[in-house]
Every structure is written in structure tokens, then in C-alpha cells.
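Q: What would the 3D arrangement of this be:
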Amino acid sequence: MINDVIKHGHSYIWDMEIDSYKDVFLHDFYDDTTINFEYLHCEEMYIDMHGLKRRDNSTWEITIPIKCFDEIQEFETACREMSKHCDFLISYSISKQKFVEPTITILIDKDMSIYEAFYYAISKMDAVIDYTLSLRENRLSNKLRLIVDNKLPVYHRAMKKVELELSNFTTDDSSNIHKIIEISSRVKTIDSIQEKVYRKNICQFELFERFDDIAGVRCTCEFLNDVYDVLEYIKQNPLFNVQSIEDKIINPSQAGYRGIHIIVTTDVYYKGSVYNNIKVEIQLRTAFQNAWSMKTHQLTYKQKSIPVDISETMKMMSDALNEADNAAQKIRNSLRHL
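A: Numbering: from 1, shown residues only. This next block holds a predicted model:
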């Protein structure tokens, strides 16, 4: 069997014969050995795979024409993104000539039987096709959806860790007991992450890197000074690595949003593994700032644009509540000196 297949030049294998090649391995290839697969994929769509051959001493490659595929723009985007983030996709080709199918070239980086290589190539071809279709359908690919689904419990664990530490701020020091009114938290759902990927037009493979708010904790404080006390506690807490701080109390948004956003990373232990540098967004607000944010969020979230008159009204509301925050802080300071 080996001598019939592993020889100099080209050989051909049909899908009906593939079960016979479980004991013929890639390491037996000569430098000029090339095997073409002729494969009846499904529903009479004829797909073949060309040029399974040695790439170097420890890797091999195979080229697959993608037949009956009209989503060329999405295909090109999918291949470009997968080439950057997936080791198996060596290259791709899109011809401008009519009736010439696009191709992908797959890397096989471990020794396996010809039978295994055949089905490995099919699985990678299916992954490219699914990623292409996901771009057309504005969804996560099946692989990315599974990765996100498995990672969300890790983010939930990180969120709970942050939530616990913020709770400890009030319990560890009796003088802090009234500084925090409420702590709330959430982890984004897969559907919410999927929607944001396409709303922000980012690569699916980069969502964990690009999204800071998959896990979020909101801490509502009584007074302005309390917000900054909690901020200092977060900065000094050795369980957190502060990545960024955005003070929107000092520099509110054009529409009037006020609050402090902190991105921290932390390590968590989940199901026998340690996950490092899991990001959590922490929002710190006063009760007045939170009331403004909750009210305006319901009205304007995901709006592509806000009319100028509405934006100005929102800003006026924010400024009025900020004056109330400052007045309440002054009253508190005065009462402490009586």
C-alpha cells in the first residue's frame, strides 16, 4: 500500500478509497510526492483537494478549491482575518477570471495518516466557509461562538472577584460603611457580544482583546468624595492591575455623562486552570450621576445620532445634577466640622 501511494510524482485517491489509508503516513512522503483527493462532498457538490505534499521536514500543505461559492468579498475578508489569527491557513487566492474558483492552502504541522490529513483538511475548509458565512449573516462563526461560550464563565468569575473586593471596601473599614450605596454587575451575553462585534466592525478573533466591558461592575456612591475614595482603593488593591482610568466627572461627555471608568485585569482560577489578565470594567458614579445615566441610557442607547436640542437638554440636566452633587458634598463637609 505504501509503495502504491508514496512515490515520486502525482497520485490520486478517491473518497471511497480513503478508509484504506489509515496506516500510510505523511512522514513517508518524498520531496516530490503529491497526492490529489477527488471528493464528493455533499448533495452532488463536487470538491477536490490538490497537492497534498511535503512543505519541509516537519510540515505539509494542501490546496483546496472552494467551489459554488458566491460570497467573494466576505470570503476575502474571512481569509485575510483567518490568515492573521489561525496558523493553519497559509494563503488564499481569488482569481478575477470568471469560473475560476478561489482556493485556500492549508498547513498540516504534525505527522498523521493520509486518512487523517484528508479529514483535517475538510474540517479546516468547513471552518473557512463557516467564517465567511458568519460575516454575511452578521453572526459569530461556530468556532468563535464556542470559544466565547466557554470563556464567559471565566469573565463571570473575574466579575465576582471585583464585586467582592468592592464589598470589602465597606466591611473592612467602618468609616466606609455608608460610602457605597449599591454594587451591580453583569457579564455580556453571547448575543450582545455578537451584536457589538458588527456594530463596532471589529474582527471576531480580536473581540477579547478589543472589548473591555465583557465583564462589568458598577459601583454607586453617596457623595463625590466617596467616588474618589473607592477609586484610590481600586488603585491600591494588589489583586487588580489598573489598565486605564477615564475620569468623566472632570471631563464629562458632550451630552453630559459623568462617572469614572476603570479597566482592571485580574487572574482567576476556573475548572483547574488559571486565567491571567481577565479584563473587567468598573464604573464609579454618584447616585445623581447614576440616575441621569440610567434615564438617558433608556432613551438614547445605540442611537446613531442624537439631535442637538436633545443633547443640549441632556447636558442641562447633567449640569443641574452635578450642582446638586457639589452642594451635597459641601453640606456633608460642613456638618463634619460642627
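Q: all strands for the stretch 101-250 of the chain, in order.
A: 103-108, 180-187, 215-221, 241-247 (DSSP state E, counting those that start in this stretch).
Q: Give me whichever of those is most buried.
A: strand 215-221 (a mean of 24; mean count of other Cβ atoms under 10 Å). The C-beta positions use only the backbone N, C-alpha and C, and glycine is treated the same way.
Q: Walk me through which strands that one pairs with, and which way each runs.
A: Each strand that pairs with strand 215-221, with its direction, by DSSP bridges: strand 180-187 (antiparallel), strand 273-286 (parallel).
Q: Strand 241-247 and the last one, what's the angle between them?
A: Angle, strand 273-286 to strand 241-247, by axes from the mean of the first three to the mean of the last three Cα atoms, to 10 degrees: 20 degrees.
Q: model confidence over strand 273-286, on average?
A: With pLDDT averaged residue by residue, strand 273-286 scores 98.
Q: Beyond that strand, next helix or strand please.
A: As assigned by DSSP states H and E, the chain's next helix or strand after strand 273-286 is helix 287-300.
Q: Return the distance of that following helix from the chain's centre.
A: 28 Å (Cα atoms, centre = their mean, to the nearest Å).
Q: Format the strands paired with strand 215-221 as CSV; extra columns: distance to residue 198.
A: Output for these, formatted as CSV (distance: least, Cβ to Cβ, whole Å):
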stretch, distance to residue 198
strand 180-187, 20
strand 273-286, 20
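Q: hang on, the earlier thing: dump the strands of the stretch 101-250 of the chain to TSV, plus distance to residue 267 and mean pLDDT.
A: Output for the strands of the stretch 101-250 of the chain, formatted as TSV (distance: least, Cβ to Cβ, whole Å; pLDDT from 0 to 100):
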stretch	distance to residue 267	mean pLDDT
strand 103-108	33	96
strand 180-187	17	97
strand 215-221	13	98
strand 241-247	9	98
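Q: could I get those strands as a markdown table with distance to residue 63?
A: Below are the strands of the stretch 101-250 of the chain laid out as a markdown table (distance: least, Cβ to Cβ, whole Å):
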| stretch | distance to residue 63 |
| --- | --- |
| strand 103-108 | 5 |
| strand 180-187 | 42 |
| strand 215-221 | 42 |
| strand 241-247 | 42 |
